[in-house]
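Novice: what shape does this take:
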Amino acid sequence: MSACSVNRRRILSLWLPRLPIDRIKRFFDGGLGDPSIVVTKDNNALVIHALDEAAERLGLHIGLPLANARAMCPDLKVFDADIAADTKTLSDIADWCDRFTPLVALDPPHGLFLDITGCAHLFGGEAALLQTLVRALARQGFAVSAAIAATSVCARTLTRQVPGTIVADGGEAEAVSRLPVSALGAVDAITVGLRRAGLKTIGDVASREPHEITARFGARFSTLLAHALGQGDAPINPRKPLPDYIVEKRFAEPIATDTMIAMTLSRLADTLVTSMEKQGKGARRLEAAFFRTDGVVRTIMVETGRPVTRSAVIDRLFRERLDALADPLDPGFGFDMVRLSASRTEIVVQEQRDLDAHVHDNDELAALIDRIAARIGGKRVVVHLPQDTHIPERAVLAAPAQHHLATAMQAEWPARIESEPPLRPLRLFDRPEPIKVPFATVPDGAPHQFTWRRALHAVVRVEGPERIAMEWWRQDGKQLTRDYFRVEDAEGLRFWIFRDGLYDSELMDEEGKPVPANWYVHGLFA
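Specialist: Modelled structure (predicted):
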């Protein structure tokens, strides 16, 4: 997506004043018919949270108690507010707005900001872009208003008072001067204070000296006023970071077949790789977004262990991901736009590949890991890294293979002594399992028998103890010193068991009397 050089930002403010009731109406074919409202609890009373046009024509308004509303309209249809569902709907609309610009920010509770700087010409200009967006959302069943200005505060103010306004750069002060001071969205106390001072419009407030307004109403309101007048602006906070590279394809006629989708992704991958190649970069995280004609957006992401510089690899990874989707990619009435972006890239380091066989092996292994991760998820493909600790359950860290493959290949594990049995079991339990020990040699001896999983094991051979003290800087003093034993029972099974605590110092109650020790099995030898 190209961008032209401009002096000021251009912000499109979007407002959906009836979002809660519009969201509910979308589930009813042909609409609800009768006047409808959404209510929420305020001070132990149900009040109107949102209402449709029919209810508004009857004189109902937001904040009116439900009892009064029913008295005015007995046939009123009432629904409970669902803030979480409203937030999800607004987020879905924001995803759909990504087709116009990747810089979309939330303006709670029912608004959005779109930074359209340098991209309006792609849609025929700012007026055409605004009309396209508003009409598309209206077809989806939402009441919507929008405005464009150089600052987000000015655009937001106009959206709620004079929808459809497009303010030329530098015309913000004139555009908002006749609007009431309540349009700024300041707290009620400030709005009431301004009116009592005879300042009823934004222009009246702007006519006063800034230091007077600051002294009376605070610096925050002065900053809000300055932004509404076009004097500087706070940056919007986009929902998603801007990707390093974006390529997209729009369709006059929506596509719906798997063949066309795969062909489009393949062509976009070629274009993306060409763009990255010019700057010597490769992709580590790729995202494909599919925009449906009914406003639904489906996003699929793949990650790679090494920077990808070939379109064939990108194509193969997305094919693996699409084939493995538990929820298949439903085109509905078709996709009218497909976007491929590289949200994370790295500089490609050239390696000597002709004479080093290990490099080829590493490439093949990394490619295999990427393909498996694309199918089952990157968190399920792990490597194990040694940790500098004596605590058995902390001696190994499972980490995603895509991000730690090189570290795992260079890791150094403790070497096993020749002709000696292993010090650690082949199978280590995630959590030590308790065993019953009737008696043991005190103070440092192993048990003569123990019961584990309702089976009695008679001990015939013992090696140990191996004493391991807990790391004092990682625990609150409740963990005790362990004495580990390698034991073998009469059936030839070998266990790694330990006693939790020392008899003479740690196994004492509050009165200083000895208490029985707890025993556990922590692993099994081959």
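Novice: average pLDDT for the helix or strand hosting residue 106?
Specialist: Using DSSP states H and E, the element containing residue 106 is strand 104-107. Per-residue pLDDT over strand 104-107 has a mean of 94.
Novice: list the buried residues for the helix or strand following that strand?
Specialist: Next helix or strand after strand 104-107 toward the C-terminus (DSSP H and E): strand 111-115. Neighbour-count burial for strand 111-115 flags 111, 112, 113, 114, 115 (criterion: 16 or more other CB atoms under 10 Å). Using the backbone N, CA and C atoms, a C-beta is placed for each residue, glycine as well.
Novice: out of those, who's nearest residue 154?
Specialist: Nearest to residue 154 out of the buried residues of strand 111-115 is residue 113 (CB to CB; 11.6 Å).
Novice: so that closest one touches residue 12, yeah?
Specialist: Yes - with contact defined as CB atoms under 8 Å, residue 113 counts as touching residue 12 (7.3 Å).
Novice: shared neighbours, the two?
Specialist: Residues touching both residue 113 and residue 12 (CB atoms under 8 Å, 6 or more residues apart in numbering): residue 155.
Novice: nearest residue to residue 267 in space, please, no chain neighbours.
Specialist: Nearest residue to residue 267, sequence neighbours excluded (CB to CB, 6 or more residues apart in numbering): residue 249, at 7.1 Å.
Novice: and what of residue 80?
Specialist: residue 39 (6.6 Å).
Novice: what of residue 227?
Specialist: Per CB to CB, 6+ apart, closest to residue 227 is residue 153, 3.9 Å.
Novice: lowest average confidence across helices and strands of the protein, where is it?
Specialist: helix 357-376 (a mean of 75; mean pLDDT, DSSP states H and E).
Novice: now, which of the buried residues of strand 111-115 sits nearest residue 376?
Specialist: residue 112 (35.1 Å).
Novice: wait, what's in contact with the closest one?
Specialist: 13, 14, 90, 93, 94, 97, 104, 105, 106.
Novice: wait, a helix at the residue nearest to residue 227?
Specialist: Yes - per DSSP: H, G, I helix; E, B strand; the rest coil, residue 153 lies within a helix segment.
Novice: for it, what are its contacts?
Specialist: Applying CB under 8 Å, 6+ apart, the residues contacting residue 153 are 184, 224, 227, 228, 233, 234.
Novice: the first one against residue 227, yeah?
Specialist: No - with contact defined as CB under 8 Å, residue 184 does not count as touching residue 227 (9.4 Å).
Novice: before we move on, back to that, what does the least confident helix or strand of the chain contact?
Specialist: Against helix 357-376 from outside (CB under 8 Å, 6+ apart): 302-306, 313, 316-318, 320-321, 323-324, 351-353, 380-381, 401-402, 405, 409.
Novice: save the buried residues of strand 111-115 as TSV, and put in distance to residue 276 and pLDDT too.
Specialist: Formatted as TSV, the buried residues of strand 111-115 follow (distance: CB to CB, whole Å; pLDDT from 0 to 100):
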residue	distance to residue 276	pLDDT
111	35	95
112	30	96
113	29	96
114	27	95
115	24	94
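Novice: between those residues, which is nearest residue 50?
Specialist: Checking the buried residues of strand 111-115 against residue 50 with CB to CB, the nearest one is residue 111 at 14.0 Å.
Novice: just confirm residue 444 is within a helix.
Specialist: No - using three-state DSSP, the assignment for residue 444 is coil, not a helix.
Novice: I'd guessed it sits against residue 481; true?
Specialist: No - under the criterion of CB under 8 Å, residue 444 makes no contact with residue 481, lying 11.3 Å away.
Novice: what does stretch 78-91 rub up against?
Specialist: By CB under 8 Å, 6+ apart, stretch 78-91 touches 16, 19-21, 23-24, 36-40, 49-50, 66, 106, 108-110, 112, 239.
Novice: mind listing the helices for the stretch 1-150 of the chain?
Specialist: Under the criterion DSSP state H, counting those that start in this stretch, helices of the stretch 1-150 of the chain are mapped to 19-25, 53-57, 66-72, 83-97, 126-139.
Novice: thinking again about what came up before, element containing the residue nearest to residue 267, please.
Specialist: strand 245-255.
Novice: overlap of the contact sets of residue 444 and residue 481?
Specialist: By CB under 8 Å, 6+ apart, no residue touches both residue 444 and residue 481.
Novice: quick one: the strands in the stretch 301-450 of the chain, in order.
Specialist: 335-347, 382-386, 396-400, 427-435, 449-452 (DSSP state E, counting those that start in this stretch).
Novice: enumerate the positions of the last one that are buried.
Specialist: Of the residues in strand 449-452, those buried by neighbour count under the rule 16+ other CB under 10 Å are 449, 450, 452.
Novice: of the residues you listed, which is the nearest to residue 208?
Specialist: Closest to residue 208, out of all of those and judged by CB to CB, is residue 452, at 82.5 Å.
Novice: which parts of the stretch 151-300 of the chain are strands?
Specialist: Counting by DSSP E, counting those that start in this stretch, the strands of the stretch 151-300 of the chain are 245-255, 281-292, 297-308.
Novice: and the ones you listed, which one is worst for confidence?
Specialist: Across those, strand 297-308 gives the lowest mean pLDDT, at a mean of 90.
Novice: model confidence over stretch 490-508, on average?
Specialist: So the average pLDDT for stretch 490-508 ends up being 89.
Novice: again, but for stretch 45-59
Specialist: 91.
Novice: and that stretch, how far out from the chain's middle?
Specialist: 34 Å (CA atoms, centre = their mean, to the nearest Å).
Novice: now for the residue lying closest to residue 502 once chain neighbours are set aside: which residues touch it?
Specialist: Leaving aside its sequence neighbours, residue 502 sits nearest to residue 481 (CB to CB, 6+ apart; 5.3 Å). Residues near residue 481 by CB under 8 Å, 6+ apart: 467, 468, 469, 470, 501, 502, 506.
Novice: pull out the buried residues from those.
Specialist: 501, 502.
Novice: of the contacts of residue 481, closest to residue 292?
Specialist: Nearest to residue 292 among the contacts of residue 481 is residue 470, at 55.6 Å by CB to CB.
Novice: Provide the secondary structure category for the closest one.
Specialist: coil.
Novice: hmm, it is touching residue 479, no?
Specialist: Yes - contact criterion CB under 8 Å: residue 470 and residue 479 qualify, at 4.0 Å.
Novice: list the contacts for residue 505?
Specialist: No contacts exist for residue 505 under CB under 8 Å, 6+ apart.
Novice: distance of it from residue 479?
Specialist: 14 Å (CB to CB, to the nearest Å).
Novice: what does residue 265 give?
Specialist: The gap separating residue 265 from residue 479 is 52 Å, by CB to CB.
Novice: of these two, which one has the most company?
Specialist: Counted by other CB atoms under 10 Å, residue 265 and residue 479 do not tie: residue 265 has more neighbours, with 22 against 16.
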